[in-house]
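Need the 3D shape of this:
(2 chains)
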Amino acid sequence: MPAHETLGEMLAARGISRRAFLKYTSWLATLMALPPGLAPAMADELAKARRQSVIWLSFQECTGCTESITRSFSPTLEDLIFNFISLDYHHTLQAASGAAAEHAREAAMAENKGKYVVVVDGSVPTRDGGIYSTIAGISNLQMLEETVADALAVIAVGSCAAFGGIPKAEPNPTGAVPISQIVRNKPVINIPGCPPIPEAMTGTIAYLLSFGKLPEVDALGRPLAFFGESIHDRCYRRPFYEKGLFAKSFDDEGARSGWCLFEVGCKGPITYNACATLKWNGGVSFPIQSGHGCLGCSEPDFWDKGGFYRPLSTPLRDITQAAAVAAGLGAAAGLAAGALHRAVKKDAAAHHHTVTVDNLEKSS
Amino acid sequence: MTSDAFLDLVRGPLFQIALFIFLAGVLVRLVEILVLGRKTDFAEPRADGTGAGLRSVFSRSVPEAGTFKRSAFTILAGYVFHIGLFVALVFLAPHIALVRDTFGFGWPNLPTPLVDFATVAAIAALVAILVNRLRDPVLKFLTTFEDYLAWAVTFLPLLTGYMAFHHLLIRYEGMLALHILSVELLLVVFPFSKLMHTFTLFLARWYTGSAFGRKGVQS
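As a prediction, this is how the structure comes out:
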């Protein structure tokens, strides 16, 4: 693919009509809650877009995010757009290795100074100088700082990059931190999930290509278009929650009847993601539809929220020990207070003086 | 702090602290009362006090005809509030889930619309009781800060709980965190205020009933 080719030319060469492309941008505009009038503008801008240089950095991660984006079902326009971007550096997908790979990154940085987008999956270890994860002898921390210095924007893909994820789980042996904690002077957008929904990744990239800026985000830096509503709000099992019909285990009558999974630990009510609407594998299903509660994977520290199978209404810490100590101490203090009162009473009785008529005669 | 981290805080350490204060406080006060005891009654009892004591625990829940006539509003609103609170506390599925998670056993929950009805009734009754208290000059004169505090810490969990369940006003995790925080406030205030009547009322009724029974008078 020649470097000067625009997205419109590439799509035309692959037999995608303008009508089909407009349909896609309308869908995208609707999905991202943009005014409908923006769809043609988006199509025009996207069609004119030149290949966007993308440097994909993989740190403490499992490659699940890359699997998610590359395995997003049959060829779609999202796929084509993903193919269209110039992925100049990506461990899993690039052919080059060793010094050649690092050279590709440096070359892309130099050629597209101030214009390239850095996508990061994985968290960054900071303990002991960040030695727990290195690439070509360079620590993740150093590579990130060096690479984002001249970047246009940073997209933190997956819960590890967005919030620290599993590497940051207690006791966080490597001192893992999310990308936003290191990159302070560049716009960082978080697309969390373990893995994130492919459409959330490609949609955000398409928005960036169309408008040259990042979409509107929530307090946790997530695009509102995909993370604006909770799983629970859009869950097809919601009517059962409203009625108070809950599965108590994974094989009881309630589970077989498709009742709400709140009591078997579903974190849907506090999880913001598009799983219940966009679904997975081309809209086939999502975890709750397959009978398992939501793990809350697009929320910070989802790993340390007291267990996947414990309901949201339960305490995060063990309370039995605290309760036993409290009961013991309370009872002991009660006994002591009671004994004290009895002693006071006994003392008063012992020192009791009988008052006689003579006392009235005494002058005080 | 994000509402997410706030929720973790109230579900974690704050709940532990509140529960500790509640349990220790309630036990201190109950054990203290029991240890203090009463003077031995050397008089020969006319009848056994046990039956009368047990009967009193329940019979005193039914208001006397004269009393009811004089303060029908207070008694009715009191009933609506207490029953509503009991239903919301004991029969809402997430509350039972908490019991099951802690003690390993539970009981069936009521359908949500019924719990909803009870909750709204309890909230309405509490508001009516407060308005009545503020409008009646005698009641207002007798009301202390502790009364307002007891009202507030009971009202807030009901209100925030209802709003959390129905996703009103703010996002669920924030309202759920506020709900749990308000419950923690209730737990901390409970042992050191007149809210202790939840437990002491049974002791008092038993004592009065059994004393009357021993004397052979109707309790």
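
How many neighbouring residues does the residue of the stretch 51-200 of chain A at minimum distance from chain B have?
As assessed by C-beta to the nearest C-beta, chain B sits closest to A:Phe163 within the stretch 51-200 of chain A, at 9.6 Å. C-beta coordinates here come from the backbone N, C-alpha and C atoms, glycine included. Look at A:Phe163: counted by other C-beta atoms under 10 Å in any protein chain shown, it has 27 neighbours.

Quick check: it touching A:Trp303?
No: if you go by C-beta atoms under 8 Å, A:Phe163 and A:Trp303 don't touch, sitting 9.9 Å apart.

need the strands for the stretch 1-150 of chain A, in chain order.
A:53-58, A:86-89, A:117-121, A:124-125, A:134-135, A:138-139 (DSSP state E, counting those that start in this stretch).

what about the second one, distance to the chain center?
For strand A:86-89, the separation from the chain centroid amounts to 25 Å (computed by C-alpha atoms, centre = their mean, to the nearest Å).

Repeat that for the fifth one.
Centroid separation for strand A:134-135 versus its chain: 25 Å, with C-alpha atoms, centre = their mean.

Check which helices and strands it is in contact with.
Using 3 or more C-beta pairs under 8 Å, 6 or more residues apart in numbering or on different chains; DSSP states H and E as the contact test, no helix or strand touches strand A:134-135.

Parallel or antiparallel, list what pairs with that strand.
strand A:138-139 (antiparallel) (DSSP bridges).

Check the strands of the stretch 1-150 of chain A for me: which has the lowest mean pLDDT.
Note on those: strand A:86-89 shows the lowest mean pLDDT, a mean of 82.

Against which helices or strands is it packed?
By 3+ C-beta pairs under 8 Å, 6+ apart, strand A:86-89 packs against strand A:53-58, helix A:98-111.

closest one to B:Leu110 among the ones you listed?
Closest approach to B:Leu110 among the helices and strands packed on strand A:86-89 is made by strand A:53-58 (50.8 Å; C-beta to C-beta).

Run the angle between the closest one and helix A:98-111 for me.
Calculated by axes from the mean of the first three to the mean of the last three C-alpha atoms, to 10 degrees, strand A:53-58 forms an angle of 140 degrees with helix A:98-111.

helices or strands next to strand A:53-58 in the packing?
strand A:86-89, helix A:98-111, strand A:117-121, helix A:140-148.

helices or strands up against the third one?
In terms of contact count using 3+ C-beta pairs under 8 Å, 6+ apart, strand A:117-121 is assigned the packing partners strand A:53-58, helix A:140-148, strand A:153-157, helix A:158-163.

so which of these is the most packed in?
helix A:158-163 (a mean of 31; mean count of other C-beta atoms under 10 Å in any protein chain shown).

after it, next one along is what?
Downstream of helix A:158-163, the next assigned helix or strand under DSSP states H and E is strand A:176-177.

which one of the helices and strands packed on strand A:53-58 is the most hemmed in?
strand A:117-121 (a mean of 28).

mean pLDDT for the helices and strands packed on strand A:117-121: which is lowest?
strand A:53-58 (a mean of 89).

mind listing what it pairs with, with the direction of each?
In its sheet, and by DSSP bridges, strand A:53-58 pairs with strand A:86-89 (parallel), strand A:117-121 (parallel).

how far is the longest one from where the chain is centred?
It refers to strand A:117-121. The answer for strand A:117-121 is 15 Å, by C-alpha atoms, centre = their mean.

hmm, who's touching that strand?
Strand A:117-121 is contacted by residues A:52-59, A:61, A:63, A:65-66, A:144, A:147-148, A:151-158, A:160-161, A:179, A:205, A:208 when judged by C-beta atoms under 8 Å, 6 or more residues apart in numbering or on different chains.

State whether A:Ser159 and A:Cys194 are indeed in contact, as I suppose.
Yes: contact criterion C-beta under 8 Å: A:Ser159 and A:Cys194 qualify, at 4.9 Å.

anything in contact with each of the two?
Common neighbours of A:Ser159 and A:Cys194 (C-beta under 8 Å, 6+ apart) are A:Gly165, A:Ile166, A:Cys297, A:Ser298, A:Phe302.

Quick check: buried residues in stretch B:211-219?
Buried residues in stretch B:211-219, counted by 16 or more other C-beta atoms under 10 Å in any protein chain shown: B:Ala211, B:Phe212, B:Gly213, B:Arg214, B:Ser219.

Counting only strands, which of those residues make the cut?
Applying DSSP state E to the buried residues of stretch B:211-219, no entry is found in strands.

Local confidence estimate at B:Leu201?
So B:Leu201 comes in at 94 (pLDDT).

do you know how far it is from B:Lys194?
10 Å (C-beta to C-beta, to the nearest Å).

With A:Gly64 instead?
On the measure of C-beta to C-beta, A:Gly64 and B:Lys194 end up 56 Å apart.

neighbour count winner among those two?
A:Gly64 (16 against 13).

got the contact list for the more buried one?
A:Gly158, A:Cys194, A:Pro195.

ok, how many other residues are close to the residue lying closest to the last one once chain neighbours are set aside?
It stands for A:Pro195. Distances taken as C-beta to C-beta, 6 or more residues apart in numbering or on different chains place A:Ser68 nearest to A:Pro195, at 3.6 Å, with adjacent residues excluded. By other C-beta under 10 Å, 21 other residues sit near A:Ser68.

correct me, but A:Ser68 touches A:Pro198?
Yes: counting by C-beta under 8 Å, A:Pro198 is a contact partner of A:Ser68 at 5.6 Å.
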